[in-house]
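Q: This is the structure alone, sequence omitted:
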């Protein structure tokens, strides 16, 4: 198979990797992406996807190392920088996440991915346990994001996870008709099932592979 891969262009390798990812074929996706990443003309998108595959497989050290290479290879690929920070957060490396995210704060408001600066602000609030401010900023980022809807879906999952934290009362739930009616009737408002709340946790694999939407999306 190595002889076949060596005859493929970067564009062909990336297209085949995207197709394999859609079919949840991690083996072939890794083969295509490792071939692409071993070449001098590797693209930041190929490195990003390889990091995504590693993250899906739970290989976080490899995922972080490869996402770092994607950041270095693509100065105009801020999504990789954002997701590198998310990988660091997944590993409990908060200061490293802040360092990775820092340049996103300087994104021009007219940049097509300026919403990443807002998501960064929300995540900074989150790691500081400033939950209401985190939810507000992430909601703002979602409203700004018009070109990467799966990433907004991931941010929505984070919001849902925050709002279902023990002792946390979201502004939405506090103002909901059900809550208001419950207050009038002296009864409790319906609560979300514990299992459903657990499903709102953000899995690193889904986070990174579903975030790959700039250019081509593996969904």
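A: Done, it's in. All values derive from a computational prediction rather than experimental measurement.

Q: residues contacting the closest residue to residue 42 other than its chain neighbours?
A: Excluding the flanking residues, the one nearest residue 42 by Cβ to Cβ, 6 or more residues apart in numbering is residue 36, at 5.8 Å. (C-beta placed from N, C-alpha, C; glycine too.) Contact analysis of residue 36 by Cβ atoms under 8 Å, 6 or more residues apart in numbering lists 10, 13-14, 17, 42-43, 46, 50.

Q: which one of the residues you listed sits closest to residue 109?
A: residue 43 (27.0 Å; Cβ to Cβ).

Q: so how far is residue 57 from the nearest residue to the closest one once chain neighbours are set aside?
A: With sequence-adjacent residues excluded and distances taken as Cβ to Cβ, 6+ apart, residue 43 is closest to residue 10, at 6.1 Å. As judged by Cβ to Cβ, to the nearest Å, residue 10 and residue 57 stand 23 Å apart.

Q: who's more crowded, the two?
A: residue 10 (16 against 13; other Cβ atoms under 10 Å).

Q: and the more buried one, what does it touch?
A: Applying Cβ under 8 Å, 6+ apart to residue 10 gives the contacts 36, 39, 41-43, 46.

Q: Of those, which count as buried by neighbour count?
A: The neighbour count (16 or more other Cβ atoms under 10 Å) marks 36, 42-43, 46 as buried among the contacts of residue 10.

Q: Can I get those in CSV including distance to residue 148 and pLDDT?
A: Formatted as CSV, the buried ones among the contacts of residue 10 follow (distance: Cβ to Cβ, whole Å; pLDDT from 0 to 100):
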residue, distance to residue 148, pLDDT
36, 22, 94
42, 23, 91
43, 18, 91
46, 18, 93
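
Q: now, the most widely separated pair of those residues?
A: Most distant of these, by Cβ to Cβ, are 36 and 43, 7.4 Å apart.

Q: Mutual contacts of these two, please.
A: Common neighbours of residue 36 and residue 43 (Cβ under 8 Å, 6+ apart) are 10, 14.

Q: returning to that earlier point: from residue 12, how far out is the residue nearest to residue 42?
A: 9 Å.

Q: cool, residue 102 as well?
A: Taking Cβ to Cβ, one finds residue 102 at 36 Å from residue 12.

Q: same thing with residue 93?
A: 35 Å.

Q: same deal with residue 155?
A: Residue 155 is 33 Å from residue 12, by Cβ to Cβ.

Q: Quick check on the two: which one has the bigger neighbour count.
A: Ranked by neighbour count (other Cβ under 10 Å), residue 155 and residue 12 place residue 155 first, with 25 against 13.

Q: Pull the contacting residues for the more buried one.
A: Contacts of residue 155 (Cβ under 8 Å, 6+ apart): 119, 122, 138, 141-142.
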